[in-house]
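Trainee: Based on what follows, work out the 3D shape:
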Amino acid sequence: MLAEVLATLAPHDGATYLDGTFGGGGYSAAILSAAGCTLYAVDRDPDAIARGANLAARFPGRLHLVEGRFGDMDRLMAGRDVPSLDGVVLDLGVSSYQIDEAERGFSLRMDGPLDMRMEKSGPTAAELVNTLPERELADLLWEYGEERHSRRIARKIVAARGDAPFETTLQLATAIHAVMPRDPSGMDSATRSFQALRLKVNDELGEVERGLEAAVKLLAPGGRLVVVAFHSLEDRIVKRFMRDAAGRTPGASRFDPASLVNVPRKAEFRLLTPTALRPSAAESEMNPRARSARLRAIERRATA
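Mentor: I've put the predicted structure just below:
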């Protein structure tokens, strides 16, 4: 949704922006090409930062690569003496680079170590799969993957790891396939379980919440926060946060005495997307991974 992101962010000369999910640098390159602006590109994956060196050379003095989590963007920017931003872009989830590299362990279609860590540090997916009690594992698959067969899958995993621990993505996918019916949509029946493990390993839902809070602290008057989410759980967090920031939360009934005390304040933000923007049919056809994308955005109101 590059075209929609650029149209919503509306980059302009002299402004300062932050791309909190640098990845392959697609959004960053487009923003820097669209206007004579400065951009801070944040990514928790050291490989992404290393890949950005060539792009930084194309935009000397304008692109600043920052290794870290976008949930810490307020502290990261304070350390670089950047008090405010004119826009923040977040493209949530795993990047195409991470999916396409078998050794990172994100893909269930290519065999590789059962890793899934974006930062290459901390507990791996294999550690969760091999150590969690059956009930906790089932709860994880249900909570983070919305997998309705979570109990069946957890039971199979625990039984299989008794013979040998899970070490690769193919081992895990094969175990899940063995107890799952074929999905009529054509989606791989292990997809939700893999998503659940990835979200848990990287604390992605917590990171989204922290990132949204940090972003609104940094936005200058007129500054915009643009978020593209692919997972329903992430999109729900974004939707609720932006509606609250824009004062769209239902207020107390006029018959409720609390309404006489709690006088609503004017919202600091304006909702730019009352309904989430979706990718075009052409983009979805060309890039199937974009089909589930949802774009939402808010803008900080100008001070009176």
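Trainee: can you pull out the strands in this structure?
Mentor: For the chain, applying DSSP state E gives strands covering 16-19, 38-43, 63-67, 85-91, 219-229, 269-271, 294-300.
Trainee: Output these as a markdown table; include the columns mean neighbour count and distance to residue 154.
Mentor: C-beta: built from backbone N, CA, C; applies to glycine. Formatted as a markdown table, the strands of the chain follow (neighbours: other C-beta atoms under 10 Å; distance: least, C-beta to C-beta, whole Å):
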| stretch | mean neighbour count | distance to residue 154 |
| --- | --- | --- |
| strand 16-19 | 26 | 37 |
| strand 38-43 | 25 | 32 |
| strand 63-67 | 20 | 35 |
| strand 85-91 | 26 | 31 |
| strand 219-229 | 23 | 27 |
| strand 269-271 | 19 | 40 |
| strand 294-300 | 23 | 29 |
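Trainee: nearest to residue 111, of the ones you listed?
Mentor: If you check each of the strands of the chain against residue 111 by C-beta to C-beta, strand 38-43 wins as the nearest, at 25.8 Å.
Trainee: In the chain, what helix or strand scores lowest on average pLDDT?
Mentor: helix 258-261 (a mean of 46; mean pLDDT, DSSP states H and E).
Trainee: picking up where we left off before, now the strands of the chain in a markdown table, with distance to residue 186 and mean pLDDT?
Mentor: What follows is the strands of the chain, written out as a markdown table (distance: least, C-beta to C-beta, whole Å; pLDDT from 0 to 100):
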| stretch | distance to residue 186 | mean pLDDT |
| --- | --- | --- |
| strand 16-19 | 33 | 98 |
| strand 38-43 | 32 | 96 |
| strand 63-67 | 38 | 96 |
| strand 85-91 | 25 | 97 |
| strand 219-229 | 22 | 97 |
| strand 269-271 | 35 | 96 |
| strand 294-300 | 21 | 96 |
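Trainee: quick one: which of those strands is nearest residue 141?
Mentor: The nearest among these, by C-beta to C-beta, is strand 219-229 at 20.2 Å.
Trainee: Which strands or helices does the closest one pack on?
Mentor: helix 2-9, strand 85-91, helix 204-218, helix 232-245, strand 294-300 (3 or more C-beta pairs under 8 Å, 6 or more residues apart in numbering; DSSP states H and E).
Trainee: rerun that using 7 Å as the cut-off
Mentor: With contacts defined as 3 or more C-beta pairs under 7 Å, 6 or more residues apart in numbering; DSSP states H and E, strand 219-229 has these neighbours: helix 2-9, strand 85-91, helix 232-245, strand 294-300.
Trainee: How far off centre is it?
Mentor: Distance of strand 219-229 from the chain centroid (C-alpha atoms, centre = their mean, to the nearest Å) equals 15 Å.
Trainee: So, low pLDDT: which residues of the chain?
Mentor: 95-103, 105, 249-265, 304 (pLDDT under 70).
Trainee: Could you measure from the residue nearest in space to the middle of the chain over to residue 204?
Mentor: Per C-alpha atoms, centre = their mean, the C-alpha nearest to the average position across the chain is that of residue 92, at 2.0 Å. In this view, residue 92 and residue 204 are 7 Å apart by C-beta to C-beta, to the nearest Å.
Trainee: do the same with residue 10
Mentor: Distance from residue 10 to residue 204, counting by C-beta to C-beta: 28 Å.
Trainee: With neighbour numbers in mind, choose between those two.
Mentor: residue 204 (21 against 16; other C-beta atoms under 10 Å).
Trainee: what's the span of stretch 178-186, first residue to last?
Mentor: Counting by C-alpha to C-alpha, to the nearest Å, you get 16 Å between the two ends of stretch 178-186.
Trainee: For that stretch, give me every contacting residue.
Mentor: Outside stretch 178-186, the residues that touch it by C-beta atoms under 7 Å, 6 or more residues apart in numbering are 149, 152-153, 156, 189.
Trainee: same question, stretch 169-176
Mentor: Against stretch 169-176 from outside (C-beta under 7 Å, 6+ apart): 105, 107-108, 111-112, 114, 129, 153, 156-157, 160, 166, 189-190, 193.
Trainee: so how far is that stretch off the chain centroid?
Mentor: Between the centre of stretch 169-176 and the centre of its chain there are 25 Å (C-alpha atoms, centre = their mean).
Trainee: in it, what's buried?
Mentor: 169-173, 175-176 (16 or more other C-beta atoms under 10 Å).
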